[in-house]
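Undergrad: Sharing a sequence plus its predicted fold:
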Amino acid sequence: MPSPPGDPALGALARAIEDFNGYFIRLPSVGRLSFSSLSVLHTLSRRGPMRLTALTATEQLKQPALTSLVAKLERDGLVARGPDPRDRRAALLSLTPEGEQVVRSRHAERVARLARVAGHLDEEERAELAGYARLLARMTEIAARLDGLED
């Protein structure tokens, strides 16, 4: 059963996510890659090789814009095309080792930023944080399923 949109707890959670993202989503630029470029790299890292049409759905970009973006990522050596074993006419996009390195370095930087902040929490708060992380992961799974994006 969906929660009512006016639920104050949901409003507080939305505000906390917005504030959290405002601080933690911004990392120093990696090779001057745009937010959309980094999003494509992270999606390919999490989901594995994908067709361009499937990326269109996850990245919320129109196909011409995504085609141009992927072409740039290919030129930069971060993404490669390979054959789709299920359809010889189609191609799958995947990360190159250089693309994987970009994703790994951003993840490591986020962990380091979180560790700096979490170091100021007491033991009880760190235990609560672990529970919230599991809950947020579960909510993300539910959201993906509801949006029809689950693998």
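TA: Sure, I can see it. Numbering: from 1, shown residues only.

Undergrad: Could you list the residues in contact with the strand ranked longest in the chain?
TA: The residue-count maximum for a strand in the chain (DSSP state E) belongs to strand 87-95. With Cβ atoms under 8 Å, 6 or more residues apart in numbering as the test, strand 87-95 has contacts from 41, 44-45, 48-52, 55, 70, 78-84, 103. Just so you know, the C-beta spots here come from the backbone N, C-alpha and C atoms, and that holds for glycine as well.

Undergrad: tell me which residues of it are tucked away?
TA: Applying a neighbour-count criterion of 16 or more other Cβ atoms under 10 Å, one finds 92-95 buried in strand 87-95.

Undergrad: tell me which residues in the following helix or strand past it are buried?
TA: Counting by DSSP states H and E, the next helix or strand C-terminal to strand 87-95 is helix 97-118. For helix 97-118, a neighbour-count test (16+ other Cβ under 10 Å) marks 99, 102-103, 106 as buried.

Undergrad: one step back: just the C-alpha atoms of the longest strand of the chain, please, in CSV.
TA: What follows is strand 87-95, C-alpha atoms only, in CSV (Å, rounded to 0.1, in the frame of the first residue of the first chain):
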residue,chain,number,x,y,z
ASP,A,87,21.0,-10.6,-31.8
ARG,A,88,23.8,-10.3,-34.4
ARG,A,89,22.3,-7.1,-35.7
ALA,A,90,22.6,-5.4,-32.3
ALA,A,91,25.6,-4.1,-30.3
LEU,A,92,26.1,-4.1,-26.6
LEU,A,93,27.9,-1.2,-24.8
SER,A,94,30.3,-2.0,-22.0
LEU,A,95,32.9,-0.4,-20.0
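
Undergrad: And the average pLDDT for it is what?
TA: Strand 87-95 shows a mean pLDDT of 92 in the predicted model.

Undergrad: re the thing from before, would you format the buried residues of helix 97-118 as CSV with pLDDT included?
TA: Compiled in CSV, the buried residues of helix 97-118 are given as follows (pLDDT from 0 to 100):
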residue, pLDDT
G99, 96
V102, 93
V103, 94
R106, 89
